[in-house]
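Colleague: Got a predicted model here, sequence first, then my questions.
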Amino acid sequence: MTEEPRFEPTPAAALEETPVVEISVPPEESTPPRKSSLAITRLITRLIQALWLGSGVFLMLSASAAFRAATNPTDAANVVGAILTRWHYIALLAPLLLMFLEWRRSRPVMLVILFVAVLLASFQALLDTRIRMIRAESFAPISSLSPDDPVRQRFGMLHGISQLFLVGQVIAAATAIATRE
């Protein structure tokens, strides 16, 4: 059974010609405080940032471990290539989702960081595709080619640039986390 709101004149209203009325709502009808959408957005933002940074650091650690533990460089490259494929999804989607969440708050510094991260991820994905093509087109494993071989040199140059883009993305993720409201 719910009560109707009660209208009671205030003491000041009794002295004035225009009555002032206060409305009281019974306590059982008041709603309990809920988490604000801002707090939920911050939580989602932090989770995406943690996934983004953590997966980038994991990729760097697992790539070096794969090359140390594998029986040959080709097997290690295949394992790292499989991990890289998943990384590219995270590296592109995480900053895009964060940009979407940040857009309403319109913090220019954060939006620039995220935009640069998307560019780095896009360029790294393109380079990775080219590196895979070089590996597939080579008649011998890249590691067995002479250091003077133009295929190995081109592969090495693209691989180095790809690694720089990865480091740049990890720095962008760490910067996004360090940039507080």
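Modeller: Ah, there it is. Please read all numbers here as calculations on a predicted model, not as lab measurements.
Colleague: quick one: least confident helix or strand in the chain?
Modeller: Ranking every helix and strand in the chain by mean pLDDT, DSSP states H and E puts helix 11-15 at the bottom, with a mean of 57.
Colleague: By residue count, tell me the biggest helix in the protein.
Modeller: Ranked by residue count under DSSP state H, the longest helix found in the chain is helix 37-69.
Colleague: Just after that helix, pick out the following helix or strand.
Modeller: Remark: after helix 37-69, the chain's next helix or strand is helix 73-103, criterion DSSP states H and E.
Colleague: Run the angle between that following helix and helix 37-69 for me.
Modeller: 170 degrees (axes from the mean of the first three to the mean of the last three CA atoms, to 10 degrees).
Colleague: for the helix or strand following helix 73-103, packing partners?
Modeller: Sequence order places helix 108-137 as the next helix or strand after helix 73-103, per DSSP H and E. Other helices and strands packing on helix 108-137, by 3 or more CB pairs under 8 Å, 6 or more residues apart in numbering; DSSP states H and E, are helix 73-103, helix 150-178. In short, each C-beta sits where N, CA and C put it, glycine included.
Colleague: Now the first one: buried residues?
Modeller: Neighbour counts using 16 or more other CB atoms under 10 Å place 76-77, 79-80, 84, 87-88, 90-92, 94-99, 101-102 of helix 73-103 among the buried residues.
Colleague: quick one: the nearest residue to residue 142 once chain neighbours are set aside and residue 78, what's the gap?
Modeller: Using CB to CB, 6 or more residues apart in numbering and skipping the chain neighbours, the partner closest in space to residue 142 is residue 155 (5.1 Å). Distance of residue 155 to residue 78, given as CB to CB, to the nearest Å: 15 Å.
Colleague: cool, and residue 108?
Modeller: Residue 108 is 42 Å from residue 78, where distance means CB to CB.
Colleague: domain assignment for the protein?
Modeller: For the chain, automatic domain parsing gives the domain ranges 1-30, 37-178.
Colleague: Now do the contacts for the residue most central in space within the chain.
Modeller: The chain has residue 94 as the residue nearest its centroid, 2.9 Å off, counting by CA atoms, centre = their mean. The contact partners of residue 94, by CB atoms under 8 Å, 6 or more residues apart in numbering, come to 48, 49, 51, 52, 173.
Colleague: Can you give me the distance of it to residue 43?
Modeller: Distance of residue 94 to residue 43, given as CB to CB: 15 Å.
Colleague: What of residue 88?
Modeller: Using CB to CB, we find residue 88 at a distance of 26 Å from residue 43.
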